[in-house]
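A.B. asks: Sequence and computational prediction follow.
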Amino acid sequence: IGLINSSFISITQCLFQNQRNAGVLLFRSSDCLISGNTFINSAVDGTETDNTELGLDISVIYSSSRNIITENKINSGNGTGIGINSIDSLSNADDNVISNNVISNCVVYGIHNYRNGIGPSDAFTVKRNVISGNTIKNVSGNIINITTGTYTFGSGIYMQGAEDCIVTGNSVKNTHSAAVTFATTLVPAGIGVTNSSRVTVSNNRIDEDGSAGIWIDDSNGYGELLGYGIISNNSVMNIAGQGIRGLNRGRLTITDNVVDTTSSFGISIGNTSAFSDISINGNKLRNVSNTAINVDFCDGISVDGNTVDTASVHGISVANSTNASVVNNLVFNQTSRGITILSSTAGCRVSDNTVIGTGSSLSGIALFTRVSLGENVISGCTNVFEGGFSPFKEVLGVNSATPSVGYGKFFKTLNTSPTTITNLTGAISGQEVQIVAGDTNTTIGFSGSNMKGNNGVDLTMVVGDSIRCVFNLNLSAWTCVVSEI
């Protein structure tokens, strides 16, 4: 059944079988209802060699908007169950609803929304579509993409260039099931999003994907400016690759998801340059066969309030990033390190985390660069801290009146000649440090303007004396409390 330049047409309770291309085609047609139909017996028979030879059961193309596609049963074995394509310039396939359909045994995709233009400057749009409450299973991806010559298909839901869209409450199972190697060109995942910046993926269940659970990627920079992506409250389990993957995009929130059993990273942000405004908060990860939360090339990322239970490498790892905040996380049963901050990272804050190892875990927190270190609870690890910037190993600048404490926490003095410390430099606002005397040559200059405490009286320290100081950026001064032995 084909609707061309039509509107307000209903196609309901029909049986479609043995079609090669579309069972239902909406061609520049809007405000139509496609409901309660059944699609069967259009299976790929093995003679097809590439995706151009496959069809869709329901195809919505060109300027087709405000259509409702709901409660259809699709088990034809065709290429794609339901597809929306803008096709040409000035075509707007917007405000469609795809809901409560049951789709199984497709080869290419269960559902796709595809903007054929390459970037926000194009007149094509696929906007404000809602994909909700669908059940999608058994999408093999076992067909060659004639453009790339590789296996790129197999997603349950694939969104390309679709902006302001919502993907919610869907069940996606056994996707990318073919025994082939999937190329990363088209973000192979249970739910894959590419060339988009404003999209919400929430409350979905993804189970048994042969590549990744959820993958959102704007490596080409084709997403609209100032867009924000949200991945929240999804359940991702039994994944052959990464659970949730963000690639080359900022302005992304990954929050309150459950990731259980992956063969690679649990949640990964992998960029080629520093992207900002990213949050990984409140997620629960379990049985991850690599690092549970992996962060690479981010500026100002927040990793807050996550729980990691059993990671075969690290609980949380941060690399090539600036101004990251790793706080309030619980990591236990990790094989290697609970939290790792690599040397390529600067300005990181690590505070209020709890790491409980297996008893033979390598270390609680590994610091290969200076960080702003708060109070953390660590147990069950061979080493509480590891790395050249372990807080118990930092020596305050020897014989310096203004030593740097940049992002450090605990320091020990080892001055070899009489030295009066008049200021601590390189600090950030609110930074707290503790300095323990390891010599008898150190005096704290409380009579000056930068070190406040001890009633303004200079303190000559003996071995074991300590001071705890907090930096006030507005006053450019430290407020200190003295503990003498």
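C.D. replies: Alright, I've got the coordinates.
A.B. asks: Any idea what residue 150 is bridged to?
C.D. replies: Note on residue 150: beta-bridge partners by DSSP bridges are residue 145.
A.B. asks: typo on my end, it should be residue 102
C.D. replies: Beta-bridge pairing of residue 102 under DSSP bridges involves residue 73, residue 135.
A.B. asks: Wait, it touches residue 81, no?
C.D. replies: No - assessed by CB atoms under 8 Å, residue 102 is found out of contact with residue 81, at 9.2 Å. Where you see a C-beta, it was placed from the backbone N, CA and C, and this is true even at glycine.
A.B. asks: where do the contact lists of those two overlap?
C.D. replies: Taking CB atoms under 8 Å, 6 or more residues apart in numbering as the contact rule, residue 102 and residue 81 both touch residue 74.
A.B. asks: any weak-confidence spans in the stretch 251-400 of the chain?
C.D. replies: Scanning the stretch 251-400 of the chain for pLDDT under 70 picks out 391-394.
A.B. asks: Likewise for the stretch 101-250 of the chain?
C.D. replies: Low-confidence regions of the stretch 101-250 of the chain, defined by pLDDT under 70, span residues 117-122, 225.
A.B. asks: longest strand of the chain?
C.D. replies: For the chain, the strand with the greatest residue count under DSSP state E is strand 354-367.
A.B. asks: Starting from the helix or strand following it, tell me which strands it pairs with and how they run.
C.D. replies: Next helix or strand after strand 354-367 toward the C-terminus (DSSP states H and E): strand 371-373. The pairing partners recorded for strand 371-373 under DSSP bridges are strand 348-351 (parallel).
A.B. asks: Tell me, how many residues neighbour the residue lying closest to residue 427 once chain neighbours are set aside?
C.D. replies: Spatial nearest neighbour of residue 427, chain neighbours left out: residue 471 (4.3 Å); criterion: CB to CB, 6 or more residues apart in numbering. Applying other CB atoms under 10 Å, we find 20 residues neighbouring residue 471.
A.B. asks: For the helix or strand hosting residue 471, report the contacting residues that lie outside it.
C.D. replies: According to DSSP H and E, residue 471 maps onto strand 466-472. Strand 466-472 is contacted from outside by 424, 427-437, 444, 451, 453, 459, 477-483, using CB under 8 Å, 6+ apart.
A.B. asks: the more surrounded of residue 102 and residue 81?
C.D. replies: A direct count of neighbours by other CB under 10 Å for residue 102 and residue 81 places residue 81 higher, at 30 against 16.
A.B. asks: That one touches residue 111, doesn't it?
C.D. replies: Yes - between residue 81 and residue 111 there is a contact under CB under 8 Å: 6.0 Å.
A.B. asks: tell me, what's touching these two both at once?
C.D. replies: Joint contacts of residue 81 and residue 111 (CB under 8 Å, 6+ apart) are 101, 103, 136.
A.B. asks: can you redo those as TSV with neighbour count?
C.D. replies: Listed next are the shared contacts of residue 81 and residue 111 as TSV, based on neighbours: other CB atoms under 10 Å:
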residue	neighbour count
101	27
103	30
136	30
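A.B. asks: Okay, helices next: where are they in this protein?
C.D. replies: Taking DSSP state H, the chain contains no helices at all.
A.B. asks: need the contact list for residue 111.
C.D. replies: Contacts for residue 111 (CB under 8 Å, 6+ apart) come out as 80-83, 98, 101, 103, 131, 134, 136, 156-158.
A.B. asks: Off-centre distance for the strand holding residue 471?
C.D. replies: Put simply, strand 466-472 sits 36 Å off its chain's centre (CA atoms, centre = their mean, to the nearest Å).
A.B. asks: tell me which residues in that strand are buried?
C.D. replies: By neighbour count with 16 or more other CB atoms under 10 Å, strand 466-472 contains the buried residues 466-467, 469-471.
A.B. asks: Just name the closest of these to residue 296, please.
C.D. replies: Within the buried residues of strand 466-472, the smallest distance to residue 296 is 29.8 Å, found for residue 471 (CB to CB).
A.B. asks: Can you give me the distance of the closest one to residue 347?
C.D. replies: 15 Å (CB to CB, to the nearest Å).
A.B. asks: ok, what's across the strand from the residue nearest to residue 364 when sequence neighbours are not counted?
C.D. replies: Spatially, and ignoring its direct neighbours in sequence, residue 364 is nearest to residue 378 (3.2 Å; CB to CB, 6+ apart). In this entry, residue 378 is beta-bridged to residue 355, by DSSP bridges.
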